[in-house]
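Student: What follows is a predicted structure for the sequence shown.
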Amino acid sequence: MAANISEDGGSRRPTTPTLTNTQANGKSSQTKAGLVPTNNVTTKEGLTVRTRIEPSLSVDDVIRQLCISLKLKDPPAVYALRDESDELVTNDNLRKKIKGKVNLKLVNAPAIEAAEIVEKLSARDAKLGLALTSLRKLIREEQFANEFLQRDGLRELIDVINASHGNVLAYALTAMQNLMELDYGWANLDNTFILKVVQILSSETSLINVCRPATAILKRLVEADPSSVAHINNASTSKGPPAPPPGSVYRYGFDVVFEQMRKEKRLLETVVSRLGSADTTMALYSMMLINSLLAHASDPRWDEFIAELEQLNVRKAVIRLMSSHTIEDLTSCILDFQANMVRVTFRKKTTLVEPDFEPLHNQALQLIWERSKLQEEREDAITPIKWRQLGFETEDIGHEFREVGVLGLDCLKYFVERDPDYWAKVVQEQLSRSEERRCPIGKASNEVTDLLSEHWAIYAPGYSTSTTFQPFFLNFPRVHALALHFFLRMWNESGASTDDFPRLVALTRSQVKVALKRENIRPWHEVEQEFLESEYRAVRDRQMQELEMEDDIMSKIPIRNLRAKLYKESYEFVRQQRIHCLLEGAWFMNGIPLATTVPRDTMRRPTRPWRFLRLDAGLKYLHYVDSTAKYPVRKGLEDLPERIEIAVISEVATGTCAPFPHIQRDQTDLPLGASSPLLASSLSFSLLSTSGGSLADQIAPNQERWADWTDGLNMLRRDGGHVASQETELFVQALTEIGLKIKLLDLSGEKVEIPSGLVAGPPPMNSDFFFSDLAYDAPA
């Protein structure tokens with residue numbers, strides 16, 4: 001290998017050594033004169049070498065040959081290569097660096113850097129801040145992380161967290177947050193550490209830059225649930241989740257974190273209060289933590305956690321965020337919260353009211369009864385008349401709430417507590433009327449709860465397709481109170497009798513649709529006006545016009561139940577279709593994040609502006625390749641060397657990046673000056689990691705692909721995510737309606753009468769019977 005000496009800025013340096021593969025054919029490949037250098041390599045002493053590197057070499061071979069060429073005294077094992085942005089050069093990205101002619105630096109190996117940083121953490125002297133600054137950046141690298149952990153660096157980092165405050169604590173927590181992006185290395189974090197993080201978050205004196213990483217750490221611990229790990233497929237013999245394998249970080253989860261949260265009563269209150277923080281990133285992190293807790297809440301702690309969250313008015317805080325937030329990432333988080341609250345609402349609706357077993361249910365029912373200011377009467381010596389006085393059909397109060405569950409009980413309790421005097425007045429007013437003219441208030445309350453559940457598609461957990469904000473849904477009990485007021489007013493104004501109850505229900509359903517339309521932009525006072533001031537005749541006339549265009553069959557309970565079943569089937573069908581699109585793969589344009597700090601006048605067309613993405617068959621990784629031009633990509637993953645782990649994607653944010661100034665999809669280069677605004681593409685999306693950084697910034701070629709991928713990626717997430725596009729929302733609704741009409745064709749063709757409800761027959765007299773297989777169920 002020959003090295004020429006040339007003058008460059010007053011310094012002498014050897015130029016153009018060629019690093020070759022000596023394993024090929026048992027001899028060194030031939031070096032031709034005039035070969036163009038691929039990369040500049042700068043040593044620690046500041047010497048720059050223009051070098052030609054063969055792509056077939058490994059990083060170890062490149063370093064070894066550089067040490068020989070530059071006659072360095074230290075062994076190659078103490079060196080590593082980094083680019084100008086300090087990214088470590090590995091065998092996975094070496095070819096990419098060579099092709100891009102990236103300037104490289106010969107620096108200390110990860111083992112040396114790890115040893116130095118661990119020593120500085122242990123010393124805790126004036127250099128501690130600089131050591132932590134380096135650590136939070138380097139810890140993301142697998143090679144460095146392994147060396148750091150082998151030297152007991154995690155224990156030193158925890159000791160720093162326990163003993164520090166202010167900016168040093170912020171740096172240490174950020175380093176821990178970045179370490180926890182890995183799926184190993186932190187399985188021995190104990191309850192003492194978790195409690196410390198909880199205490200940091202609970203303290204009002206904690207700085208914003210301390211709370212951000214602390215919130216992210218707690219969120220990661222919640223999500224590290226044994227049931228969340230993808231590779232655990234063995235069935236568990238117990239009712240609990242399967243035990244994690246030795247060394248797995250998936251050993252924490254909601255129960256472990258919540259146990260420590262209970263020791264600091266102010267934690268949830270502080271997190272909810274930070275939703276109103278002027279620091280939007282802090283609000284974002286707090287929103288993400290709340291969503292994570294909601295998505296992973298376990299059955300034993302569910303009621304306690306949800307009750308505490310509701311007492312803190314988290315819904316009201318999120319409603320305020322809907323109108324005041326300024327960053328797109330928060331939109332995604334708010335929609336996730338909305339989807340989580342659909343799960344909460346559905347669970348309440350399907351939880352039976354059991355006053356004999358649940359003290360809270362009994363307390364709520366007692367409050368409702370006591371505020372009515374009535375006395376229990378008796379039909380005879382055995383049969384009491386209590387709940388029938390409040391408008392229920394029977395004295396079996398648990399049975400009365402069977403269709404709306406605890407949700408119906410909570411809504412009625414809210415109605416009573418909001419205006420106890422009105423409740424007592426209206427109950428006594430109904431009792432003063434003849435029996436056929438009384439409005440069954442309890443039955444009406446449950447029917448209104450069911451109408452609102454139908455309006456907001458509370459069909460099943462995980463099936464939320466709303467792509468817009470629903471502030472009125474988050475105010476469910478308040479809307480229920482307005483709608484129940486409307487029902488009672490219509491009953492009085494129309495002079496209704498008991499037989500008119502279904503007609504009043506239909507009238508209220510019509511008014512609910514009108515009052516709650518365009519929910520994301522409609523002010524609350526208009527909703528109140530629609531329910532409290534609409535006249536009976538005007539509402540009735542509008543409903544009659546609606547009935548002319550709509551068959552009354554659709555409002556019957558069996559048809560509503562069928563619609564709910566078909567809705568879930570349609571959602572699952574669309575989910576599988578979207579994921580199939582991800583498995584097929586597609587081309588996207590690389591975009592510029594709006595938050596970029598690169599001056600616009602320095603932006604150039606990237607050397608590889610196109611990216612092909614494809615999901616692997618195991619649904620665990622998103623593989624990709626960047627290219628100068630689009631080309632047919634073979635099936636499989638052989639041509640896609642880079643990958644992103646699905647588990648580290650915390651958000652799929654939309655409208656977050658712009659096209660490069662000199663490339664506009666398939667058009668020719670379009671110049672863009674430094675003063676031109678950087679506008680987000682409506683077809684753009686970013687994959688955000690748990691630390692808030694962007695893993696990918698892409699722009700789809702059309703609306704269809706954007707919808708397929710953003711919703712497909714959201715539906716892949718463990719907590720179900722939310723639907724981001726109207727295409728998917730309308731697709732699910734259209735499939736549901738088509739399926740419903742097909743199911744009804746047989747009935748309508750035969751003119752079969754569908755009952756409004758089914759009455760259960762008497763129970764068997766004895767148990768001397770068995771269920772026989774029907775002929776068409778039996779095997780041939």
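Tutor: Thanks, I have the structure now.
Student: For the residue nearest to residue 459 when sequence neighbours are not counted, pull up the helix or strand it's in.
Tutor: Distances taken as C-beta to C-beta, 6 or more residues apart in numbering place residue 564 nearest to residue 459, at 4.2 Å, with adjacent residues excluded. C-beta here means a position set from N, CA and C on the backbone, and glycine is covered the same way. Here residue 564 sits within helix 557-584, counting by DSSP states H and E.
Student: now that helix: mean pLDDT?
Tutor: Helix 557-584 carries an average pLDDT of 82.
Student: That one packs against which elements?
Tutor: With contacts defined as 3 or more C-beta pairs under 8 Å, 6 or more residues apart in numbering; DSSP states H and E, the packing partners of helix 557-584 are strand 610-615, helix 703-716, helix 726-750.
Student: Make a markdown table from the ones you listed and add distance to residue 154, mean neighbour count and mean pLDDT to it.
Tutor: As requested, these are exported to a markdown table (distance: least, C-beta to C-beta, whole Å; neighbours: other C-beta atoms under 10 Å; pLDDT from 0 to 100):
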| stretch | distance to residue 154 | mean neighbour count | mean pLDDT |
| --- | --- | --- | --- |
| strand 610-615 | 33 | 21 | 91 |
| helix 703-716 | 31 | 22 | 86 |
| helix 726-750 | 42 | 15 | 73 |
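Student: returning to that earlier point: got the angle between the helix holding residue 564 and strand 610-615?
Tutor: When axes from the mean of the first three to the mean of the last three C-alpha atoms, to 10 degrees is applied, the directions of helix 557-584 and strand 610-615 differ by 130 degrees.
Student: surely residue 660 meets residue 592?
Tutor: Yes: look at residue 660 against residue 592 with C-beta atoms under 8 Å: they come within range, at 6.0 Å.
Student: that older thread, starting at the chain centroid, how far to the helix holding residue 564?
Tutor: Here the centre of helix 557-584 is set off from its chain's centre by 20 Å, with C-alpha atoms, centre = their mean, to the nearest Å.
Student: Could you do stretch 133-149 as well?
Tutor: Average the C-alpha atoms of stretch 133-149, do the same for its chain, and the two points are 28 Å apart (C-alpha atoms, centre = their mean).
Student: Check stretch 394-410 too.
Tutor: 32 Å.
Student: got it, and stretch 80-91?
Tutor: Using C-alpha atoms, centre = their mean, the offset of stretch 80-91 from its chain centre is 33 Å.
Student: Just the buried positions in it, please.
Tutor: Buried residues in stretch 80-91, counting neighbours by 16 or more other C-beta atoms under 10 Å, are found at 80-83, 88-89.
Student: Determine which two of the residues you listed are furthest apart.
Tutor: Looking at those by C-beta to C-beta, the two members farthest from one another are 80 and 83, with 11.3 Å of separation.
Student: Are there residues contacting both of these two? Which ones?
Tutor: Listed contacts common to residue 80 and residue 83 are residue 89; contacts here mean C-beta atoms under 8 Å, 6 or more residues apart in numbering.
Student: Who are the packing partners of the helix or strand that contains residue 310?
Tutor: Element membership of residue 310, judged by DSSP H and E, is helix 299-311. With contacts taken as 3+ C-beta pairs under 8 Å, 6+ apart, helix 299-311 sits against helix 254-261, helix 267-273, helix 280-296.
Student: at 10 Å what do you get?
Tutor: Contacts defined by 3 or more C-beta pairs under 10 Å, 6 or more residues apart in numbering; DSSP states H and E place helix 299-311 against helix 254-261, helix 267-273, helix 280-296, helix 314-324, helix 328-350.
Student: What mean pLDDT does it get?
Tutor: If you average the pLDDT over helix 299-311, you get 91.
Student: How far off centre is it?
Tutor: 20 Å.
Student: Report the buried residues of that helix.
Tutor: Along helix 299-311, these residues count as buried under the neighbour rule (16+ other C-beta under 10 Å): 301, 303, 305-306, 308-309.
Student: Residue 588 is nearest to which of the helices and strands packed on helix 299-311?
Tutor: helix 328-350 (17.9 Å).
Student: Provide a list of residues in contact with residue 679.
Tutor: Applying C-beta atoms under 10 Å, 6 or more residues apart in numbering to residue 679 gives the contacts 594, 655, 658-659.
Student: so it sits in a strand?
Tutor: No: Residue 679 sits outside any strand when classified using DSSP: H, G, I helix; E, B strand; the rest coil, being coil.
Student: Just the pLDDT for it.
Tutor: What the model reports as pLDDT for residue 679 is 77.
Student: next one: residue 256
Tutor: Looking at residue 256, its pLDDT reads 92.
Student: which residues does it contact?
Tutor: By C-beta under 10 Å, 6+ apart, the contact list for residue 256 reads 189, 191, 194, 221-222, 224-225.
Student: ok so, going back, turn the helices and strands packed on helix 557-584 into TSV, columns for distance to residue 478.
Tutor: Output for these, formatted as TSV (distance: least, C-beta to C-beta, whole Å):
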stretch	distance to residue 478
strand 610-615	42
helix 703-716	29
helix 726-750	25
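Student: so which of these comes closest to residue 559?
Tutor: With C-beta to C-beta as the measure, helix 726-750 is the member of those nearest residue 559 (7.4 Å).
Student: tell me which strands and helices the closest one is in contact with?
Tutor: helix 557-584, helix 703-716.
Student: quick one, that helix and helix 703-716 angle?
Tutor: Using the same axes, to 10 degrees, helix 726-750 lies at 90 degrees relative to helix 703-716.
Student: quick check, distance from helix 726-750 to the centre of its chain.
Tutor: The gap between the average C-alpha position of helix 726-750 and the chain average comes to 29 Å, counting by C-alpha atoms, centre = their mean.
Student: Residue 419 is in contact with residue 481, isn't it?
Tutor: Yes: with the criterion set as C-beta atoms under 10 Å, residue 419 and residue 481 qualify as a contacting pair; they are 8.5 Å apart.
Student: Which one's more surrounded, those two?
Tutor: A side-by-side neighbour count of residue 419 and residue 481, using other C-beta atoms under 10 Å, places residue 481 first with 22 against 14.
Student: Quick check on the more buried one: phi, psi?
Tutor: phi -60, psi -40 (degrees, to the nearest 10).
Student: who's in contact with it?
Tutor: For residue 481, the contacting residues are 411-412, 414-419, 445, 448, 475, 531, taking C-beta under 10 Å, 6+ apart as the criterion.
Student: What segments of the stretch 501-650 of the chain are helices?
Tutor: 501-515, 524-533, 536-549, 557-584 (DSSP state H, counting those that start in this stretch).
Student: which residue sits closest to residue 686 in space, ignoring its chain neighbours?
Tutor: What sits nearest to residue 686 in space, not counting adjacent residues and going by C-beta to C-beta, 6+ apart, is residue 656, at 4.2 Å.
Student: Distance of that neighbour relative to residue 590?
Tutor: When distance is defined by C-beta to C-beta, to the nearest Å, residue 656 is 13 Å away from residue 590.
Student: what's the overlap in contacts for the two?
Tutor: Taking C-beta under 10 Å, 6+ apart as the contact rule, the neighbours common to residue 656 and residue 590 are 697-698.
Student: who's more crowded, these two?
Tutor: residue 656 (26 against 18).
Student: and that one, what pLDDT?
Tutor: At residue 656, the model reports a pLDDT of 81.
Student: what about residue 644, neighbour count?
Tutor: Other residues near residue 644 number 16, with proximity taken as other C-beta under 10 Å.
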